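> output the structure for:
(2 chains)
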2 protein chains.
Amino acid sequence: MTKNKATNITWHQSSLSKSKREQLLRQKGVVIWFTGLSGSGKSTLADAVEEELYGRGHLCYVLDGDNIRHGLNKNLGFSPEDREENIRRIGEVSKLFADAGLLTMTAFISPYRKDRDLARQLLKDGEFIEVFMTVPLEVAEQRDPKGLYKKARAGEIKEFTGISAPYEEPTNPELTIDTSELDLEQSRDRVIQYLEQQGILKNNSQ
Amino acid sequence: MTKNKATNITWHQSSLSKSKREQLLRQKGVVIWFTGLSGSGKSTLADAVEEELYGRGHLCYVLDGDNIRHGLNKNLGFSPEDREENIRRIGEVSKLFADAGLLTMTAFISPYRKDRDLARQLLKDGEFIEVFMTVPLEVAEQRDPKGLYKKARAGEIKEFTGISAPYEEPTNPELTIDTSELDLEQSRDRVIQYLEQQGILKNNSQ
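Numbering: from 1, shown residues only, chains lettered A, B, ... in the order given. Sure, this is the predicted structure:
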């Protein structure tokens, strides 16, 4: 558990509310949290969603497992505690981005239900959209875009999710997408359709 | 120093570039880093800048010393190492916000030159704008909006910047603002004028 060490702090109420920024951007600030095995298509799908929404005039940002590790979380490894802190920080940052009004996408394996639920609890109802990228392990392993499964099988990577570390499936995700059944375009449209149905995208014509 | 613990990581190139998002927002993504003593007016000025720019159709976001401590950095205290990690994380997060295209403002005491310079080095030339809020200690202490100086003088707060911990003034800030001489409106206009001169704000008319 994370202890709150800071004292002598008063909450600073920003003069501009989230809803004002949402008005400017004609969208709601939310977190779309992709979770699934390495190779399940999280980053690819997030990028495709961003590209399509950009074309419609919406502002997205993708927080990605591979690039946030070079910056904010570069002092974290892959031990259970470090994985927990990794997801905790990402949850807090994605909350800030949603507060800024962005359609914020996170593409991390995030294998533990508890950690994902902590991220969910940072946000209001409807602001956290969990997207479970379900794919048979064999398919993910066959794709192996970064050669990580091969290394994990050879014992060169310890605690690799799906091989030597657990993946806990979401019990009640907002969306489940199987990229071994849907192609990229279909997957993308399913996410965007959900955002439309939830009233997250406002009419962008002026 | 922060060690890079993560291995087996490939850089994920987002399909959408920063410049695309800047085009959508008609502004450049930058970090405006306010630094100065408690009570020097950092948050107040950042909020005033945000409000004015919002009125012109620009998207800003203020990362604030008082509210980020409740979330991302709630597991950090005020020891020298924790202060360093505090500013390091804020630097990394502000870099992400600038990459997302936002006019990102940070309002932290950030007393150490080394820490601020690390934040600056995360960004490209011209993307980091250091604003030194200079104010005589007596004035800041007289304002004491949160009653912190009083507590520090009474010994109830250890390592309080300006009283029992050092503040290292910027040697070459992009802007210096003395809020004991300029009023809020004048201070705000000085920041906005700088942004205009640097070509950071694009014409927002359609």
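> and the strands in chain A, which stretches?
Assigned by DSSP state E, the strands in chain A fall at A:30-35, A:60-64, A:103-107, A:128-134, A:175-178.
> give the other helices and strands that the helix or strand of chain A with the lowest mean pLDDT contacts.
Ranking every helix and strand in chain A by mean pLDDT, DSSP states H and E puts helix A:65-68 at the bottom, with a mean of 74. If contacts are counted by 3 or more CB pairs under 8 Å, 6 or more residues apart in numbering or on different chains; DSSP states H and E, helix A:65-68 sits against helix A:42-55. Placement of C-beta: from N, CA and C, glycine included.
> quick one: distance of the helix it packs on to the chain centre.
12 Å (CA atoms, centre = their mean, to the nearest Å).
> now stretch A:39-48
10 Å.
> what are the contacting residues of that stretch?
Residues outside stretch A:39-48 that contact it (CB atoms under 8 Å, 6 or more residues apart in numbering or on different chains): A:32, A:34-36, A:62, A:64-66, A:105-109, A:131, A:133-135, A:139-141, A:143-146, A:148-149, A:177, A:179, A:184-185, A:187-188, A:191, B:12, B:14-16.
> and those, which of them are buried?
By neighbour count, with 16 or more other CB atoms under 10 Å in any protein chain shown, the contacts of stretch A:39-48 hold A:32, A:34-36, A:62, A:64-66, A:105-109, A:131, A:133-135, A:140-141, A:143, A:148-149, A:177, A:179, A:187-188, A:191, B:12, B:14, B:16 as buried.
> residue for residue, what is the longest helix chain A has?
For chain A, the helix with the greatest residue count under DSSP state H is helix A:80-99.
> list the buried residues in it.
A:83-99.
> is stretch A:98-113 up against chain B anywhere?
Yes: applying CB under 8 Å from any CB of the partner chain, one finds stretch A:98-113 touching chain B at A:99-102.
> and that stretch, end to end?
One end of stretch A:98-113 sits 21 Å from the other (CA to CA, to the nearest Å).
> what mean pLDDT does that stretch get?
Across stretch A:98-113, pLDDT averages out at 96.
> equivalent analysis for stretch A:127-142, please.
The pLDDT scores in stretch A:127-142 average 95.
> so is it next to chain B?
No: remark: stretch A:127-142 sits outside contact range of chain B, by CB under 8 Å from any CB, the gap being at least 14.7 Å.
> name the residues that touch that stretch?
For stretch A:127-142, contacts defined as CB under 8 Å, 6+ apart pick out A:28-42, A:45, A:98, A:116, A:119-120, A:122, A:149, A:162, A:169-170, A:173-180, A:191, A:194-195, A:198.
> so who does residue A:63 touch?
Applying CB under 8 Å, 6+ apart, we find residue A:63 in contact with A:90, A:93-94, A:97, A:104-108, B:96.
> and with 10 Å instead?
By CB atoms under 10 Å, 6 or more residues apart in numbering or on different chains, the residues touching residue A:63 are A:31, A:33, A:46, A:72, A:90, A:93-94, A:97, A:104-108, B:96, B:100.
> show me which of these is closest to residue A:157.
residue A:108 (16.6 Å; CB to CB).
> that older thread, which one among the residues of stretch A:98-113 next to chain B gets closest to chain B?
Closest approach between those and chain B, by CB to the nearest CB: residue A:100, at 4.2 Å.
> give me phi/psi at residue A:181?
Per-residue torsions, residue A:181: phi -110, psi -40 (degrees, to the nearest 10).
> isn't it up against residue A:190?
No: using CB atoms under 10 Å, residue A:181 is not in contact with residue A:190, being 11.1 Å away.
> which of those two has more neighbours?
Legend: neighbour count by other CB atoms under 10 Å in any protein chain shown for residue A:181 and residue A:190, higher for residue A:190 (16 against 10).
> state the distance from that one to chain B.
19 Å (CB to the nearest CB, to the nearest Å).
> what does residue A:77 give?
Per CB to the nearest CB, residue A:77 is found 4 Å from chain B.
> right, and that residue touches residue A:84 too?
No: if you go by CB under 10 Å, residue A:77 and residue A:84 don't touch, sitting 11.7 Å apart.
> hmm, back to that, name only those of the contacts of stretch A:127-142 that count as buried.
The neighbour-count test (16+ other CB under 10 Å) marks A:28-42, A:45, A:98, A:116, A:119-120, A:122, A:149, A:162, A:170, A:173-175, A:177-179, A:191, A:195 as buried among those.
> residues contacting residue A:151?
Residue A:151 makes contacts with A:144, A:157, A:160, A:163, B:8, as judged by CB under 10 Å, 6+ apart.
> gap between it and residue A:86?
Between residue A:151 and residue A:86 the distance is 20 Å, computed by CB to CB, to the nearest Å.
> the most centrally placed residue in chain A: what's it in contact with?
Nearest residue to the geometric centre of chain A (CA atoms, centre = their mean): residue A:106, 2.3 Å. Contact analysis of residue A:106 by CB under 10 Å, 6+ apart lists A:31-35, A:42, A:46, A:61-65, A:68, A:87, A:90-91, A:93-94, A:97, A:116, A:119, A:131.
> got it, and residue A:169?
A:35-36, A:111, A:113, A:132, A:134, A:176.
> let's go with 7 Å and repeat that
residue A:132 (CB atoms under 7 Å, 6 or more residues apart in numbering or on different chains).
> same check on the one 10 residues further on?
Remark: with contacts taken as CB under 7 Å, 6+ apart, residue A:179 is in contact with A:40-41, A:133, A:135, A:187.
> would you check how far apart the nearest residue to it once chain neighbours are set aside and chain B are?
Spatial nearest neighbour of residue A:179, excluding adjacent residues (CB to CB, 6 or more residues apart in numbering or on different chains): residue A:41 at 4.1 Å. From residue A:41 across to chain B, the span is 13 Å (CB to the nearest CB).
> over to residue A:150?
Distance, residue A:150 to chain B, by CB to the nearest CB: 11 Å.
> that residue contacts residue A:144, doesn't it?
Yes: Residue A:150 lies in contact with residue A:144 (CB atoms under 7 Å); the separation is 6.1 Å.
> alright, calling it a day.
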